[in-house]
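Enquirer: how would this look folded up:
(4 chains)
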Number of protein chains: 4
Amino acid sequence: MDLNKDNYLITSAQYRQRLSKMRNNVYLHGKLASRDNAEFEGGKEIFGLTHDLALDPKWEGMLTATSSISGKKINRFCHILRSPEDMLQKIKVTRLFTHYVGRCIQRCMGVDALNGFSVATYYIDKKYGTEYYKRFLKYLEYFEKNDLTACCAMTDVKGHRALRPHEQPDHDMYLRIVERKSDGIVVRGAKASNSDSPTVDEILVTPTRLMTPEEKDWAVGFAIPADWDGVKLIATCQGGRGLVHNRLVAPIDKFGYADSLTIFDNVFVPWERVFLCGETDFSFQLTMGFARCHRQSYCGCKPALVDIMLGAASLIAKYNGVPNAPHIRQKLTDLAIDSVLIYAAGVASAINGERFENGTYLPDELFSNVGRYFAASKVADWLHILVDIAGGLSENVVQEDQYLSEDLNPYFEKYYAGDPQYKTEDRYRLLRYIRHLAHGDMAEMSLGGDIHGAGAPEMYRLAIWRNTDAEYYESLIKRILGISDKMYTREL
Amino acid sequence: MDLNKDNYLITSAQYRQRLSKMRNNVYLHGKLASRDNAEFEGGKEIFGLTHDLALDPKWEGMLTATSSISGKKINRFCHILRSPEDMLQKIKVTRLFTHYVGRCIQRCMGVDALNGFSVATYYIDKKYGTEYYKRFLKYLEYFEKNDLTACCAMTDVKGHRALRPHEQPDHDMYLRIVERKSDGIVVRGAKASNSDSPTVDEILVTPTRLMTPEEKDWAVGFAIPADWDGVKLIATCQGGRGLVHNRLVAPIDKFGYADSLTIFDNVFVPWERVFLCGETDFSFQLTMGFARCHRQSYCGCKPALVDIMLGAASLIAKYNGVPNAPHIRQKLTDLAIDSVLIYAAGVASAINGERFENGTYLPDELFSNVGRYFAASKVADWLHILVDIAGGLSENVVQEDQYLSEDLNPYFEKYYAGDPQYKTEDRYRLLRYIRHLAHGDMAEMSLGGDIHGAGAPEMYRLAIWRNTDAEYYESLIKRILGISDKMYTREL
Amino acid sequence: MDLNKDNYLITSAQYRQRLSKMRNNVYLHGKLASRDNAEFEGGKEIFGLTHDLALDPKWEGMLTATSSISGKKINRFCHILRSPEDMLQKIKVTRLFTHYVGRCIQRCMGVDALNGFSVATYYIDKKYGTEYYKRFLKYLEYFEKNDLTACCAMTDVKGHRALRPHEQPDHDMYLRIVERKSDGIVVRGAKASNSDSPTVDEILVTPTRLMTPEEKDWAVGFAIPADWDGVKLIATCQGGRGLVHNRLVAPIDKFGYADSLTIFDNVFVPWERVFLCGETDFSFQLTMGFARCHRQSYCGCKPALVDIMLGAASLIAKYNGVPNAPHIRQKLTDLAIDSVLIYAAGVASAINGERFENGTYLPDELFSNVGRYFAASKVADWLHILVDIAGGLSENVVQEDQYLSEDLNPYFEKYYAGDPQYKTEDRYRLLRYIRHLAHGDMAEMSLGGDIHGAGAPEMYRLAIWRNTDAEYYESLIKRILGISDKMYTREL
Amino acid sequence: MDLNKDNYLITSAQYRQRLSKMRNNVYLHGKLASRDNAEFEGGKEIFGLTHDLALDPKWEGMLTATSSISGKKINRFCHILRSPEDMLQKIKVTRLFTHYVGRCIQRCMGVDALNGFSVATYYIDKKYGTEYYKRFLKYLEYFEKNDLTACCAMTDVKGHRALRPHEQPDHDMYLRIVERKSDGIVVRGAKASNSDSPTVDEILVTPTRLMTPEEKDWAVGFAIPADWDGVKLIATCQGGRGLVHNRLVAPIDKFGYADSLTIFDNVFVPWERVFLCGETDFSFQLTMGFARCHRQSYCGCKPALVDIMLGAASLIAKYNGVPNAPHIRQKLTDLAIDSVLIYAAGVASAINGERFENGTYLPDELFSNVGRYFAASKVADWLHILVDIAGGLSENVVQEDQYLSEDLNPYFEKYYAGDPQYKTEDRYRLLRYIRHLAHGDMAEMSLGGDIHGAGAPEMYRLAIWRNTDAEYYESLIKRILGISDKMYTREL
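Expert: Sure, this is the predicted structure:
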């Protein structure tokens, strides 16, 4: 790294090189696999673009920011939020970049977790006189300088869902500290649905919920390299496989995604990378610090996915010859509305974001949860609309081996034709994509991650209710009905 | 008016005095009535508060603004939008003031129309070299100085809805110019659902839709005093009547609303008050200028109405003894979500608002239409939730004459009791209100105005589709599928 | 009553005469009122039609049945269900008769309660060797012979909703036995939302819920004349008032509805009219016996109300000139779908009804609850659709005093005109009706009774879940996944 | 076939043997494949069960019927509907058999098409004196005797969707007669989404829509063996592949499905197998005859699929330790409601079915379309609920190769554990299934076939509107409002 440069940006080649050198601790099909394995290509391609486009003059303005530490130009996905404009820019960039790759952009998760750490560590120190924030700033400096990528391991496996961490028959069902040593701590447990872990440099670990005073061992947050000793990534992959087409290739074939069940098998974490260690009263603040950032990020990417589905639905209607059918127009408008509402929640979350004493900003919790929840609640509707408009052929459009077979292709050219002003092959490409999205590999992203990513729908609802000032609203009605003349005041 | 004052604010007494002096041109029950008639009290009470609270130090910051013409302190409802902050402030004030009066605040309509005129007149002049903007600024100065109240008469009666204005068998089904004279124009027609006309100083008139080149006579906009020669207001009133209770009075009893079918019986409008006269290509811009402002205003008042319903539902659940029933919590959360989404659309509409060459701003059309549409689409759900939570008694709770009857009151004290920690009378007041809101006089506001106010739902949808860049979204999908490598670019 | 007649049918005149003679125990506006009071006309008119049309050859086949006791022709609303055909006929008649009067037909409630008594009394006797069923049959004979009308008083006032009857601070919050005497019992309490009580001969009283063993005093069911000693009816009335028009009268003006908070002030009930007295294990069976009948009845009347709204919406679209607008067609189709689904649930409830040992049938509980619940969940949608299609004028269409005023009528003739092939007055009549239905007196019926009538929505849902065989469905999935090879069998 | 038997039932072995002997005209992966290919096993397994269970005493009563021709016992899926009971039995059997195989039962389609032919051919003959019905009866006799399986090829590829068949640039976009010969006809075209064609004996061909008088060549219906000269089946397969697990096998692994784009390459059809040939006025009756039967069949299978999802959701909630969480109970109840409503529509469709002159019955068109439409409109909701309740792990639960790997299985035993009273492996099996259903191979069935099977949603809606007597409903409202005293009568 040339520290004389005016920026701390690396290329995708440098990123890939770094991954290549990592220890083989990822499992695929029951065996250890190198991060060079083709199944990880899809994920790395997208991370690679976050590096390369930051160096591309067309995208640079959006994908870079100025470091609050060094003053250097850094990747926006390494940047701590310092203003409402930063938060607005975050969802705008997320939306446009999702437009570009057509699916999850992956790199928001790491920076969203960094923001959570930035606030929580500051306030722990303030209360307890600890040194977490100092450590964090040092780690952040290192992170920025090396243009690192990270994921966030939040979701514990949870075991019996009705029991709290300390009540579980097996205490490891939530990641916990099993030993405190002079030079660091030892942790054990597993994090589920750990998006992107096989394709990042670092794993940022946060608790998944509020911890009670008896749960000191479970109130733990830290950062480790993704190939650290004792860490095992049992991976599942999407795309970069199901979508790979041998002959009718498309840009989207290159993109994919990997995640893991991440096992922490008595993992030692040195103190300089520990950011929460037993301060149960800050566990929830850390979790929510990440969550309110990340749920706002969804207010950027989900509108983009709706936009793309709208584009696909609008295009297939043209290919089918019925772009102006009223019921299709109506359904496209429904998609447009949902996209706007989610994005608006993200904008309002930025505008109403909160400034903390150390200058870090976090998006407003109520708006970001509402936007995220609304997206989760509508995802099935969008797929339904897309399939409805596409028609039955989107269910059983043939695979490439049939379509391109010499004997059969003439039949497809003839019978897969729609409005003759469009190429049959284009209609085939689009139908094939819709099939993938609605019930192929990409469906895992939509009906799975779109519902549960960044926390489960009921969690968003709890957060919404917690942030709803029902008592104020009750005071309004009491006053206008003459039940009480006191109006409980609050800032809107 | 003392022009040496540093402000142009009047009191409610001054406003009422002005109305008292107006010509009797309002019809009630088939006869001409004075504006002092008790049925208009409800509307005047709210207009009065917009005056008095602007002079109240607690509200002043929100309810006043600095004139862009005189630099004096004026009522916010006289103020042309000059920045995103102005647009944010507009919906914030609207929400808080609706919280205060518990229903439509009425005075937004006039200023929303003024903003529409401010932009349209400027651009007509720019294209045609006319003097509308100069006239408008003069009118605005007069408006600000006198702290006037206004309504907007937009909705024509429309006759046969499938026919355009010039195709109607009776050409008066859309208000039109019947004569052009040296000193002004003569117009004829009627405006329906003309909210607040019996309780304002001025009526601002805009076309209700786009006009085609053959519809010069229908492309007309102007301002007149509400008691102008030839103007007849055939009124309907709400509240200030149905809600008036003789003994168990409540602040909300004072508030109400009036509107009219406004007849223009060959009305002469002098040139200095004419702001559009035959420029058909600007008819739609004027309509939409008002509409995008007013639809954004709904993004302030509708969340407030949801908030109040949430407060009422939350309170009745307490009175009933079941505040924590899961299904009730769930429904309250649904209300909270809708309130947030609508308001978020208003915020995003402000943040993404458009600046015009003359310095006037208008809220973003897509966001404001989506917010308004979403509110209209959910209003019945809200009432449904409120009645569902309140229970069956909200349907047939007795009127005051039964409740307060000496013989019967002991029975009500006993049998209308809920959770004994609350007063039975308070529960009665609340149930009575819910009955009014769901199926009494206030229902006209909710199921009527909440659906159609500021244009019909299908109009919002058309505006949404018109503002949806489907071609851009199609280009995204074409690119990622390899159908075309061109990505149609646009600013997000 | 001439017992030589081959039927036991009386005329509306006879029914009215009987009501005239009743003791004045109904309160209106805080004072005792005669049942001849004009405010009760609306309800009596509908009850009267159930008598007169049964004698009309066109309706006779539907409105009469053959007594299972005497073999005479009796009114269908006095008839115990004896076959699936009877249950099918019940909802068919209900639908057609609702089509005829345009609102609640009122007389189903009494006969639905009789059916509940018929089954419960038989099984109490079977278990306890009591004589309830014998008493009931004698009462039924009397009921049939005199062609009586009845309502059902089920809903207790409930007090603190989270407490059981015996836990209430005031034990009278659920109607209870306060004394057992040699010749009968004395009861005290109140029944809320007691539909039709001011316009019927008899009140049938059932518990409102399951009673636990310690609640013997609350497990009580009986029948009494509506003017019995100690019974006080504190009435609310709809229609027959709000809808009365002096000049543009319409058939629907004649119809209305009355209900009451019914006070039982230490009321003595002789044993021959007592049908449940302390057998707590049968309290729920009696409640649900009535409920499953009555919820199926709603599967007849609610489709009819949707049909009428569909008719109104379709007609106003014609009057407005846009009968074929796609979005209107779509909404009308949505109404049609809901009507069909509710009715289908009623049909399936009849076909899958249960035969009891004494030959009485009751509709299937699962289907009738689903139908009733679905109707309750959609009622606000229907009003929303109706108002949406009707347009904004349905909110503030003027009252008759303005419309028919000599000065103003020419303006309305001109400006209330729609498609000129229809009379303006007809459009006015229809808009006025929609206003009444959506937010006038009739709204109390729709947004109130349509949601809570026959029990609250959450009660239907509990009944649905109680009747859902989740264990069987789990066994299906266990078998196909190889988790268990046992398939828990049951009859579909 | 031993004609002395009292039944015409064959075993699955006989069915498989018959398929083995068929000509290789099915394409898989671009090449001709034998019907013995493993990818067709899934479909054949289900067809096989329809044979074997009919011989199983436990199922016999449901799966067999008495032939209306020979009086012999035949498979219910060969049986023409002769009574409302037959129609009720059809959906009951369909529901229970779907419960058993956990997915589409496949064999209803053939018999639904036979019913369509039974009615249409009779009425063509009646009008035109043709001999279609005689031919059909002979074909039916042959069909019953040999216990044949069939699919229905209805859906044309349609080309430019806004153009009618005769307007298409390529006239083959709808299957058509290209030559009429003395011994038969020659047809050309293709049928899309032709479910089950690779695993049946016979293909029944019907038009896909109403034909206009100029479309004589497109009004064509017939039956041919699935391996007939000139017929090419370009197949897609589901299950019997994606779900096959090597070690943790489950009954559902055996079941699957295949369909095809079926090419008719100048296929000769002899007259005895031609049932419609140019009678354009009967094209729609034939299409709808099949459709109303088949849409009613969906009222049996879709409730069963909801039941299974309900079972899966209820079970995973138990495995997760939260079976009684209120929001889960609520969502399970929502599933229960949808299942009941769809089934109720099927029951009402049977009870209101229509008897035709030749004794054949068809289910009521309005009820069957409403049931089918409602199912299609809710399918995405069901998946959404299932995934929501299952939790995020249902998205990325690992495949068998990871789960059973010796190194990793201990981690899964530990970290995939839920409530410890259930086996971790059972939880794994269930999560894996939910993943398949929501976004694996089975998703093609749910989000594809569940929406478009038996016609597109908009087609159901058109059918619903066509069967809605809006004029009658308008007459109701006209009468009660005094607009007209005529009540347009009709049978309910």
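Enquirer: buried residues in stretch A:467-478?
Expert: A:Asn467, A:Thr468, A:Asp469, A:Ala470, A:Tyr472, A:Tyr473, A:Glu474, A:Ser475, A:Leu476, A:Ile477, A:Lys478 (16 or more other CB atoms under 10 Å in any protein chain shown). From N, CA and C alone the C-beta is placed, and that goes for glycine too.
Enquirer: what do you get for stretch A:129-142?
Expert: Residues of stretch A:129-142 classed as buried under the neighbour-count rule (16+ other CB under 10 Å) are A:Thr130, A:Tyr132, A:Tyr133, A:Arg135, A:Phe136, A:Leu137, A:Tyr139, A:Leu140.
Enquirer: among the residues you listed, which are in helices?
Expert: Under the assignment DSSP state H, these contribute A:Tyr132, A:Tyr133, A:Arg135, A:Phe136, A:Leu137, A:Tyr139, A:Leu140 to helices.
Enquirer: got the residue ranges for the strands in chain A?
Expert: A:26-28, A:31-33, A:64-66, A:73-75, A:150-153, A:176-180, A:184-195, A:202-205, A:220-225, A:231-239, A:256-270, A:274-277, A:354-355, A:361-362 (DSSP state E).
Enquirer: among those strands, which comes closest to C:Met154?
Expert: Among the strands of chain A, the nearest to C:Met154 by CB to CB is strand A:184-195 (49.7 Å).
Enquirer: roughly how far apart are whichever residue of the stretch 51-200 of chain A sits closest to chain B and A:Lys254?
Expert: Using CB to the nearest CB, the closest approach of the stretch 51-200 of chain A to chain B is made by A:Gly102 at 4.1 Å. Distance of A:Gly102 to A:Lys254, computed by CB to CB, to the nearest Å: 10 Å.
Enquirer: do A:Leu341 as well
Expert: 31 Å.
Enquirer: these two: who's more crowded?
Expert: Higher neighbour count among A:Leu341 and A:Lys254: A:Leu341, with 28 against 20, using other CB atoms under 10 Å in any protein chain shown.
Enquirer: low-confidence ranges, the stretch 1-150 of chain A, go.
Expert: Applying pLDDT under 70 to the stretch 1-150 of chain A flags the ranges A:1-4.
Enquirer: now with 50?
Expert: For the stretch 1-150 of chain A, the stretches with pLDDT under 50 are A:1.
Enquirer: quick check: residues of it near chain D?
Expert: Contact residues (CB under 8 Å from any CB of the partner chain) of the stretch 1-150 of chain A with chain D: A:Tyr27, A:Leu28, A:His29, A:Gly30, A:Lys31.
Enquirer: want to throw these into JSON lines with neighbour count?
Expert: As requested, the residues of the stretch 1-150 of chain A next to chain D are exported to JSON lines (neighbours: other CB atoms under 10 Å in any protein chain shown):
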{"residue": "A:Tyr27", "neighbour count": "24"}
{"residue": "A:Leu28", "neighbour count": "22"}
{"residue": "A:His29", "neighbour count": "14"}
{"residue": "A:Gly30", "neighbour count": "19"}
{"residue": "A:Lys31", "neighbour count": "13"}
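Enquirer: quick check, central residue of chain A?
Expert: Closest to where the C-alpha atoms of chain A average out (CA atoms, centre = their mean) is A:Met109, at 4.9 Å.
Enquirer: nearest residue to that one other than its sequence neighbours?
Expert: Computed as CB to CB, 6 or more residues apart in numbering or on different chains, the closest residue to A:Met109 that is not its neighbour in sequence is A:Cys152, at 4.9 Å.
Enquirer: which ones are touching the one you found?
Expert: Contact partners of A:Cys152, counting by CB atoms under 8 Å, 6 or more residues apart in numbering or on different chains, are A:Met109, A:Gly110, A:Asp112, A:Ala113, A:Ile203, A:Leu204, A:Val205, A:Thr206, A:Phe290, A:His294.
Enquirer: now do the contacts for the third one.
Expert: Shown in contact with A:Asp112 (CB under 8 Å, 6+ apart): A:Cys152, A:Phe290, A:Cys293, A:His294, A:Ser297.
Enquirer: just the residues you listed: which are in helices?
Expert: Reading helices off the contacts of A:Asp112 with DSSP H, I get A:Phe290, A:Cys293, A:His294, A:Ser297.
Enquirer: any idea how far the last one lies from chain C?
Expert: To chain C, A:Ser297 is 34 Å away according to CB to the nearest CB, to the nearest Å.
Enquirer: that residue against A:Thr94, yeah?
Expert: Yes. Shown here, A:Ser297 and A:Thr94 form a contact pair, counting by CB atoms under 8 Å, at 5.6 Å.
Enquirer: spit out the residues that contact these two alike.
Expert: Overlap of the contact sets of A:Ser297 and A:Thr94 (by CB under 8 Å, 6+ apart) consists of A:Cys108.
Enquirer: quickly compare the strands of chain A and say which is most buried.
Expert: Mean neighbour count (mean count of other CB atoms under 10 Å in any protein chain shown) peaks for strand A:150-153 among the strands of chain A, with a mean of 28.
Enquirer: who does it pair up with?
Expert: Strand pairing for strand A:150-153, using DSSP bridges, gives strand A:202-205 (parallel).
Enquirer: could I get the partner strand in PDB with only the CA atoms?
Expert: Output of strand A:202-205 as PDB, limited to C-alpha atoms (Å, rounded to 0.1, in the frame of the first residue of the first chain):
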ATOM      1  CA  GLU A 202     -13.000  -9.400   7.800                       C
ATOM      2  CA  ILE A 203     -15.900 -10.600   9.900                       C
ATOM      3  CA  LEU A 204     -17.500  -8.100  12.300                       C
ATOM      4  CA  VAL A 205     -19.300  -9.900  15.100                       C
END
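Enquirer: give me the contacts around it.
Expert: Here strand A:202-205 makes contact (CB under 8 Å, 6+ apart) with A:110, A:113-114, A:117, A:143, A:148-154, A:175, A:187, A:191, A:194, A:197, A:220-226, A:228, A:231, A:262.
Enquirer: for A:Glu425, give me its contacts.
Expert: By CB under 8 Å, 6+ apart, A:Glu425 lies in contact with A:Leu248.
Enquirer: residues of the stretch 301-450 of chain A that sit close to chain C?
Expert: With CB under 8 Å from any CB as the criterion, the stretch 301-450 of chain A meets chain C at residues A:Pro326, A:His327, A:Gln330.
Enquirer: which regions of the stretch 251-400 of chain A sit below the pLDDT cut-off?
Expert: Of all residues in the stretch 251-400 of chain A, none has pLDDT under 50.
Enquirer: how about a cut-off of 90?
Expert: Counting by pLDDT under 90, the stretch 251-400 of chain A has low-confidence residues at A:251-253, A:394-396.
Enquirer: show me the helices in it, by range?
Expert: Taking DSSP state H, counting those that start in this stretch to define them, one finds helices in the stretch 251-400 of chain A at A:283-320, A:326-351, A:365-390, A:393-396, A:400-403.
Enquirer: mind putting those helices into JSON lines with distance to chain D?
Expert: As requested, the helices of the stretch 251-400 of chain A are exported to JSON lines (distance: least, CB to the nearest CB, whole Å):
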{"stretch": "helix A:283-320", "distance to chain D": "5"}
{"stretch": "helix A:326-351", "distance to chain D": "6"}
{"stretch": "helix A:365-390", "distance to chain D": "4"}
{"stretch": "helix A:393-396", "distance to chain D": "3"}
{"stretch": "helix A:400-403", "distance to chain D": "4"}
